[in-house]
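[1] quick one: sequence and predicted model below, then my questions.
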Amino acid sequence: MSEQEIENEALVSLKQVIATYQKIDPEKISHEEVQSLFALAVQLYFSKRDAGEDFGPFANPSEISATAAMTAAANLLQAVEVEIFELGMWKSLTGA
């Protein structure tokens, strides 16, 4: 199987996983699954942005509430031991 075929198969599988998880009751998804999916999403997003691609984190921002975004952002910063002040400084220095 060629590298392109493997990539195509992986993308099809990813779309199926996303569709499946969207149908599952969140109570039935383990913390570990959520953590793994979130970590992968953050790593992929960073890789693409670091490579110079400029796009937002969500295909449809209206699907994510401000409360959900703020909760995720606050907990993400806490997990990597970054204070909101430090984020502000980093953003002003890098223009990110």
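    Okay, I see it.

[2] in the chain, which spans are helices?
    Ranges of helices within the chain are 3-23, 31-50, 66-79, 84-94, based on DSSP state H.

[3] state the mean pLDDT of the last one.
    The reference is to helix 84-94. Mean pLDDT, computed over helix 84-94, is 90.

[4] what helices or strands is that helix leaning on?
    Packed against helix 84-94, as judged by 3 or more Cβ pairs under 8 Å, 6 or more residues apart in numbering; DSSP states H and E, are the following elements: helix 66-79. To be clear about C-beta, it is placed using only N, CA and C from the backbone, and glycine gets the same treatment.

[5] near residue 37, how many other residues are there?
    Around residue 37 there are 14 other residues, counting by other Cβ atoms under 10 Å.

[6] according to the record, where do the domains of this structure fall?
    1-57, 65-96 (automatic domain parsing).

[7] what is the end-to-end distance of the longest one?
    One end of domain 1-57 sits 32 Å from the other (Cα to Cα, to the nearest Å).

[8] so how far is it off the chain centroid?
    8 Å (Cα atoms, centre = their mean, to the nearest Å).

[9] what do you get for the last one?
    Centroid separation between domain 65-96 and its chain, computed with Cα atoms, centre = their mean, is 14 Å.

[10] next, count neighbours for residue 44.
    10.

[11] meant to ask about residue 82
    12.

[12] any idea how far it lies from residue 22?
    From residue 82 over to residue 22 the distance is 30 Å, taken as Cβ to Cβ, to the nearest Å.

[13] what residues are up against the spatially most central residue of the chain?
    Nearest to the geometric centre of the chain sits residue 41, at 3.2 Å (Cα atoms, centre = their mean). For residue 41, no contacting residues are found, by Cβ atoms under 8 Å, 6 or more residues apart in numbering.
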